[in-house]
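K.L.:
What would the 3D arrangement of this be:
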Amino acid sequence: MERYGIEWEQKGTHEKHLSVLGYKKQERAEEIEQLENKIIDKQTEFETLFRRIQNFDKGTDSLSQMQNALENDPEYQLPEPQSFMTAKSYKSKVVEPLIKRLKSLIKTLMVRCFQVIDDYQRLNQINASLYHSNERLKSQNKQLTADNSRHREEIKDYKLLRKVLGSKQIDSLLEQARQSKQRDTRFRNKENER
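P.N.:
Reported below is the predicted structural model:
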């Protein structure tokens with residue numbers, strides 16, 4: 001490997017060696033786990049969409065029923081005046097109760113409309129919060145990925161030094177650096193106490 005410039009990367013996992021078949025089984029098990037997670041995510045997404053469709057269908061049915069009631073239900077129709085009925089009695093006995101029922105219906109619809117608007121705005125705020133959180137996590141992930149790459153390069157340099165200088169000399173230098181750091185820390189702590 002050295003002749004061709006290939007370095008052995010030690011991952012420090014201390015796993016036993018696997019046969020090719022065992023390795024393939026292990027990789028397939030990981031793929032299956034990832035696919036199962038995707039299936040669970042898609043099932044959750046499907047259930048959410050299904051509930052939304054049901055709610056939309058219920059709303060459409062309710063709207064159709066309301067429209068049908070307003071057009072055909074005698075409760076919301078203005079009947080013809082009875083013979084020999086005065087305009088004043090027709091207004092007080094027929095028109096005013098109909099107007100009260102229509103006003104009540106409009107109030108109910110307005111309350112439902114405001115509840116829907118409130119729910120929409122609340123969900124919009126939650127969505128915006130989740131979006132910002134997701135963007136922040138993406139940024140952190142990007143930074144950590146860059147840090148990881150930088151650390152990998154440093155580890156390669158460290159391994160190269162260990163290879164060239166030898167493990168004993170590197171261990172000795174590391175021990176000296178640790179002792180120096182401890183002395184500096186103790187010195188700073190004493191200075192801070194004064």
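
K.L.:
Identify the residues contacting the residue located most distally from the centre of the chain.
P.N.:
Distance from the C-alpha centroid of the chain peaks at residue 84, with 69.6 Å (CA atoms, centre = their mean). Residues near residue 84 by CB atoms under 8 Å, 6 or more residues apart in numbering: none. For every residue, glycine as well, the C-beta is placed using N, CA and C.

K.L.:
and it, backbone torsions?
P.N.:
phi 60, psi 30 (degrees, to the nearest 10).

K.L.:
Just the pLDDT for it.
P.N.:
pLDDT recorded at residue 84 is 81.

K.L.:
So residue 169 versus residue 99, what's the distance?
P.N.:
Using CB to CB, to the nearest Å, we find residue 169 at a distance of 99 Å from residue 99.

K.L.:
Export stretch 63-73 to CSV, keeping only CA atoms.
P.N.:
Output in CSV follows, covering the C-alpha atoms of stretch 63-73 (Å, rounded to 0.1, in the frame of the first residue of the first chain):
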residue,chain,number,x,y,z
LEU,A,63,-71.5,24.4,1.8
SER,A,64,-73.7,22.5,-0.7
GLN,A,65,-76.2,21.7,2.1
MET,A,66,-76.2,25.4,3.2
GLN,A,67,-76.7,26.6,-0.3
ASN,A,68,-79.5,24.0,-0.8
ALA,A,69,-81.2,25.0,2.4
LEU,A,70,-81.0,28.7,1.5
GLU,A,71,-82.6,28.0,-1.9
ASN,A,72,-85.2,25.4,-0.9
ASP,A,73,-85.8,25.2,2.8
